[in-house]
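Asks: Need the 3D shape of this:
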Amino acid sequence: GHELKGLMSMYCSQVKGIYFPMMALIDYRGYRLVAMSCLPVGKNSLIYGSNNAGATVLDEVPEFSTKMKFLGAKLNLKEHWAGLGQSKKKLVGPLDIEGHKGEDGRFYMLDFARTMPPEPPLPKLRNAYLFRLLRPELVKANKVPLSSDAFSNLAVPTALSTTVKSLMLPNTSTKLSYRPLAPRSTPNRFLG
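Replies: As a prediction, the model looks like this:
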């Protein structure tokens, strides 16, 4: 679900010049499969993000970086420092998002699962930043841009403290993420 939700959020932002794969979720007998179209990208086409958990972080093409900043503004995602060692870069979105320059010269994106920022961690739940994510409409409505890498070990520690502070009131945002969007309907008096 998070992969498709992240893809839909980015696609619906309608940033010109960024292309996305077609994707479908297939649920069959208790298994979930993510089916995605093949893109004209290869192992040397990565220009933005990381495909190795932050050991190497790329932000190579200024034109693509500008598009990512515009996309981040539309989704209310905070630009932040991410990466390990000397490979730190300022990114919009999660560290493990991948921006590629395809063989056809177009910009493509992959790996959308952690696009939305995580909820504040629970003490007994390890690595919750990977799967307990805020809803896109909550992130867009927040007063302050939020970081996709908040509460993770993927953000640079100095940026992480700033990220945590920018998560407005964490307990409030968590409570809001569970609140229904529409009011509950009242029982129909005429149906008995």
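Asks: Is Ala24 in a helix, a strand, or coil?
Replies: With DSSP: H, G, I helix; E, B strand; the rest coil as the basis, Ala24 sits in strand.
Asks: Residues in a beta bridge with it, which ones?
Replies: Ala35 (DSSP bridges).
Asks: how near is it to His80?
Replies: According to CB to CB, to the nearest Å, Ala24 stands 31 Å off from His80. For every residue, glycine as well, the C-beta is placed using N, CA and C.
Asks: Look at the two and report which has more neighbours.
Replies: The neighbour comparison of Ala24 against His80 (other CB atoms under 10 Å) goes to His80, with 27 against 10.
Asks: Confirm that one sits in a strand?
Replies: Yes - if the criterion is three-state DSSP, then His80 is within a strand.
Asks: May I ask you to name the longest helix in the chain?
Replies: With DSSP state H setting the assignment, residue counts place helix 62-75 as the longest helix in the chain.
Asks: how about that helix: buried residues?
Replies: Applying a neighbour-count criterion of 16 or more other CB atoms under 10 Å, one finds 64-65, 67-68, 70-72, 75 buried in helix 62-75.
Asks: Now tabulate these in CSV and tack on pLDDT and distance to Leu125.
Replies: Below are those laid out as CSV (pLDDT from 0 to 100; distance: CB to CB, whole Å):
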residue, pLDDT, distance to Leu125
Phe64, 95, 35
Ser65, 95, 34
Lys67, 96, 35
Met68, 95, 30
Phe70, 95, 34
Leu71, 94, 30
Gly72, 94, 27
Leu75, 94, 25
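Asks: Excluding chain neighbours, what is closest to Gly72?
Replies: Val92 (3.5 Å; CB to CB, 6 or more residues apart in numbering).
Asks: Check the one you found and give its pLDDT.
Replies: Confidence at Val92, expressed as pLDDT, is 93.
Asks: Show me what it bridges to in the sheet.
Replies: Glu79.
Asks: can you list contacts of stretch 51-62?
Replies: 46-50, 65, 82-85, 87-91, 95-96, 98, 101, 107, 111, 154 (CB atoms under 8 Å, 6 or more residues apart in numbering).
Asks: Next: stretch 19-38.
Replies: By CB under 8 Å, 6+ apart, the list of residues contacting stretch 19-38 reads 1, 3-4, 7, 10-11, 39, 102, 106-110.
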